[in-house]
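> Provided below are the primary sequence and the corresponding predicted coordinates.
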Amino acid sequence: MLTEVKKSLRLICCYFKFNISSAMEYRASFLVQCFGMMLNNSAFIFFWWILFNNVSTIGGYTFRDEMMLWAISSSSFGFCFVVFGNVGNITKMILNGELDTYLLQPKDPLVNIACSRTVVSAWGDALYGMIIFFLIRGFDVKGFLLFLLFCITGALILASVLVSFHSLSFYTGNTEGLTQLAIEFLISFSIYPEGIFSGGVRFILYTIIPSAFIVYIPAAVIKQFSIFMLLKVLGVSVLWIATAYGMFYKGLKKYESGNLIISKL
Amino acid sequence: MKALNKYLQISKITMSNSLVYFWNFLSKNLFFIFIMFIYLMLWKNIYAQKATAAMGDLTLNGMIWYLIFTELVTLSRTDLHTQVNDDVKTGNIAYLLNKPYNYVLYCFSYFIGEIGTRLLSNSFIGLAIGLIYAGAIEDFSFINLPFIILSLLTGCAINFFIYLCLALTSFWVEENSAFFWIYSKLIFTLGGMLMPIDLFPEWLQSISRYMPFAYVTYVPARLAVDFSFVSFWRQFPIQLLYLGAFFAAAVCLYGKGVRNLNVNGG
């Protein structure tokens, strides 16, 4: 089990290096997309600045708390699509029967598929989150280490949720629309204060759309450290990874090859 | 008339095409319901916190309906600009040059076809959401409806031509996706999509009111919830002016871009 995890981590590192090299091939394009995305995200600071000019707190969150939600969600999303950039194409690959290449290689197919591409603009998201963190917390080393840890757990949960939804395509055909909705739900819930939601919606945020474990609890732990909450986030991350693995490999048994001859460069 | 007929046919074909992908179509409507739910939660909380009946002259009912109308414009937009972008980048535009139509008008006909179905379905969904979440629009009169629709359609058309202009920059700029993100965020903010510009500080309000972005979303939505003929006649001509300006800009950009075009191979 541990050897498999080590092998997968080594594969992720190799892909990461190759993906950086390939993104840097078109340096100008990389910079435009990266800074464009940062500028794009900063529009929301304006929105929240105007709102907090009218009220001091929203759902129990101050402007700084809200910006922390933004920092964590943006960097988590960024890390997810920088490292697991191909995770959004799984349904298309299942439907077109394009998984053969990955199944024939002596590496874990799910990690191999997810890491084989990077999304360049996601670098902008990752950087943006970090800048926001430093702007609101200053040079807080302990806080930043926690922030990085939560961005990694957030990215893993996000990727796992996506893999789980995409894996439904093995059973029901095209679930691209459903997965798109799931990610929009995840992102949208993650950037609004938890306090504005109540009852059934909160239950959803702690279960099927786990925004609470991606941003709300991490933001609370960075503000006021709690080992119990930290372990909760780590536990839920492991649970989501296991769910994604389980759903993908169970579904894979139903996979039908498209007999496509493709080259993977 | 014959010239118009071909553009009418393009609109008809696009309209039927957009109905073929029904589930994709429906998933966009589901997002509309979801995002309005989040806005309702957010603004309910803000109004309760502020302990006031109106913000920016809008009650909670007005605010929810305002946001429904701004979302209606932005969610009803077509993704044709990505197609135009690809056509230019891949050189596919070379095959469209010798077709017996004006490319900009072809794109506009395509937009009309798509907007017809999208706006109609989104309007029904928006109406249902509004009635369930906020109740009927306060002081609404059906006599004003044609004027509101006119302003809404003009807003959608301005939005389309701005996107088209940005897509046509691909004749000169290889990677122009950042332009779309930035423009969409200008609509979110200065366009008043996420909140009425009446809530902005005074200095920013005066800037926003001169920008074209407000005429895409803010003006039609504000007219829908707080209609007066005075504000309609003051703002609708400016909408038409912006529409004409961006149409002319798209025609100019296309004309200049095509002259610069270099296509290799076939």
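Structure's in. What do you need?
> going forward, measure contacts between C-alpha atoms and count neighbours the same way
OK.
> just checking, residue B:186 touches residue B:215?
No - applying Cα atoms under 8 Å, one finds residue B:186 not in contact with residue B:215, separated by 12.0 Å.
> up against chain B, what does chain A have?
A:29, A:32-33, A:36-37, A:39-40, A:43-44, A:46-47, A:50, A:54-55, A:57-59, A:177-178, A:181, A:184-185, A:188-189, A:192, A:196-197 (Cα under 8 Å from any Cα of the partner chain).
> please name every helix or strand in contact with the helix or strand hosting residue A:161.
Using DSSP states H and E, residue A:161 sits in helix A:141-167. Packed against helix A:141-167 by the contact rule (3 or more Cα pairs under 8 Å, 6 or more residues apart in numbering or on different chains; DSSP states H and E) you find helix A:63-83, helix A:90-96, helix A:176-190, helix A:217-223, helix A:227-252.
> show me what contacts the residue lying closest to residue A:170 once chain neighbours are set aside?
Spatial nearest neighbour of residue A:170, excluding adjacent residues (Cα to Cα, 6 or more residues apart in numbering or on different chains): residue A:251 at 5.2 Å. Applying Cα atoms under 8 Å, 6 or more residues apart in numbering or on different chains, we find residue A:251 in contact with A:167, A:168, A:170, A:171.
> could I get the residues you listed as TSV with neighbour count and pLDDT?
Listed next are these as TSV, based on neighbours: other Cα atoms under 10 Å in any protein chain shown; pLDDT from 0 to 100:
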residue	neighbour count	pLDDT
A:167	26	92
A:168	19	91
A:170	22	88
A:171	13	87
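> and the residue of chain A closest to chain B?
The nearest approach of chain A to chain B comes at residue A:36, 4.8 Å away (Cα to the nearest Cα).
> so what pLDDT did that residue get?
Model confidence at residue A:36, given as pLDDT, is 83.
> one more: residue B:86?
pLDDT, residue B:86: 79.
> quick revisit: tell me the buried residues in the helix holding residue A:161?
Neighbour counts over helix A:141-167 (16 or more other Cα atoms under 10 Å in any protein chain shown) mark A:143-144, A:146-167 as buried.
> toward the C-terminus, what is the element adjacent to it?
Per DSSP H and E, the first helix or strand lying C-terminal to helix A:141-167 is helix A:169-172.
> which residues are contacting that next one?
By Cα under 8 Å, 6+ apart, the surrounding residues in contact with helix A:169-172 are A:91, A:94, A:95, A:175, A:251, A:252, A:254, A:255.
> tell me the pLDDT of the second one.
pLDDT, residue A:94: 87.
> could you do the fourth one as well?
Looking at residue A:175, its pLDDT stands at 80.
> thought it was touching residue A:164?
No - counting by Cα under 8 Å, residue A:175 does not reach residue A:164; the two are 10.8 Å apart.
> what does chain B have sitting close to chain A?
Within chain B, the positions adjacent to chain A are B:23-24, B:27, B:31, B:34-35, B:38, B:41-42, B:45-46, B:49-50, B:175, B:177-179, B:181-182, B:185-186, B:188-189, B:194-195, B:199-200 by Cα under 8 Å from any Cα.
> the residues you listed in helices, which ones?
Members of the residues of chain B next to chain A lying in helices (criterion: DSSP state H): B:23-24, B:27, B:31, B:34-35, B:38, B:41-42, B:45-46, B:49-50, B:177-179, B:181-182, B:185-186, B:188.
> now these: which count as buried?
Those of these that meet the buried threshold are B:31, B:34-35, B:38, B:41-42, B:45-46, B:49-50, B:177-179, B:181-182, B:185-186, B:188, by 16+ other Cα under 10 Å.
> so what's the residue count around the residue nearest to residue A:111 when sequence neighbours are not counted?
If you skip the residues right next to it in sequence, residue A:111 has residue A:8 as its closest partner in space, 6.7 Å away by Cα to Cα, 6+ apart. Close neighbours of residue A:8, defined as other Cα atoms under 10 Å in any protein chain shown, add up to 18.
> mind listing what whichever residue of the stretch 101-250 of chain B sits closest to chain A touches?
Closest to chain A within the stretch 101-250 of chain B is residue B:178: 4.8 Å, counting by Cα to the nearest Cα. For residue B:178, the contacting residues are A:32, A:33, A:36, A:37, by Cα under 8 Å, 6+ apart.
> what would those look like in a markdown table with secondary structure and neighbour count?
Listed next are the contacts of residue B:178 as a markdown table, based on DSSP: H, G, I helix; E, B strand; the rest coil; neighbours: other Cα atoms under 10 Å in any protein chain shown:
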| residue | secondary structure | neighbour count |
| --- | --- | --- |
| A:32 | helix | 19 |
| A:33 | helix | 24 |
| A:36 | helix | 22 |
| A:37 | helix | 25 |
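> what about residue B:70, distance to residue B:187?
Counting by Cα to Cα, to the nearest Å, the separation of residue B:70 from residue B:187 is 10 Å.
> now swap in residue B:154 and tell me
For residue B:154, the distance to residue B:187 (Cα to Cα) stands at 15 Å.
> again, but for residue B:211
Per Cα to Cα, residue B:211 is found 10 Å from residue B:187.
> pick out whichever of those two has more residues nearby.
The neighbour count for residue B:211 versus residue B:187, taken as other Cα under 10 Å, is higher for residue B:187 (23 against 14).
> what's the separation between the more buried one and residue B:240?
Look at residue B:187 and residue B:240: by Cα to Cα, they are 18 Å apart.
> and residue B:153, by the same measure?
In terms of Cα to Cα, residue B:153 sits 11 Å off from residue B:240.
> same thing with residue A:77?
On the measure of Cα to Cα, residue A:77 and residue B:240 end up 40 Å apart.
> could you pull out the helices for chain B?
Assigned by DSSP H, chain B shows helices spanning B:2-20, B:22-50, B:60-75, B:80-90, B:93-97, B:103-133, B:145-168, B:177-188, B:202-208, B:218-225, B:229-260.
> between the ones you listed, which one is closest to residue A:228.
Nearest to residue A:228 among the helices of chain B is helix B:22-50 (29.6 Å), distances taken as Cα to Cα.
> what is the closest one packed up against?
Using 3+ Cα pairs under 8 Å, 6+ apart, the elements in contact with helix B:22-50 are helix A:176-190, helix B:60-75, helix B:103-133.
> for those, give me TSV that also has mean neighbour count and distance to residue A:222.
Formatted as TSV, the helices and strands packed on helix B:22-50 follow (neighbours: other Cα atoms under 10 Å in any protein chain shown; distance: least, Cα to Cα, whole Å):
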stretch	mean neighbour count	distance to residue A:222
helix A:176-190	19	16
helix B:60-75	24	34
helix B:103-133	19	35
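> which stretch among these comes nearest residue A:225?
helix A:176-190 (20.2 Å).
> for that closest one, packing partners?
Packing partners of helix A:176-190 (3+ Cα pairs under 8 Å, 6+ apart): helix A:63-83, helix A:141-167, helix A:211, helix B:22-50.
> quick one: name whatever helix or strand follows that helix.
helix A:200-205.
> hmm, who's touching the helix or strand just after that following helix?
Once helix A:200-205 ends, the next helix or strand along the chain (criterion: DSSP H and E) is helix A:211. Helix A:211 is contacted from outside by A:186, A:187, A:189, A:190, A:205, using Cα under 8 Å, 6+ apart.
> before we move on, what about stretch A:91-100?
Here stretch A:91-100 makes contact (Cα under 8 Å, 6+ apart) with A:166-167, A:169-170, A:173-176, A:255-260.
> most neighbours out of those, which is it?
Going by other Cα under 10 Å, residue A:166 tops these with 29 neighbours.
> for that one, what are its contacts?
A:90, A:91, A:175, A:176, A:179.
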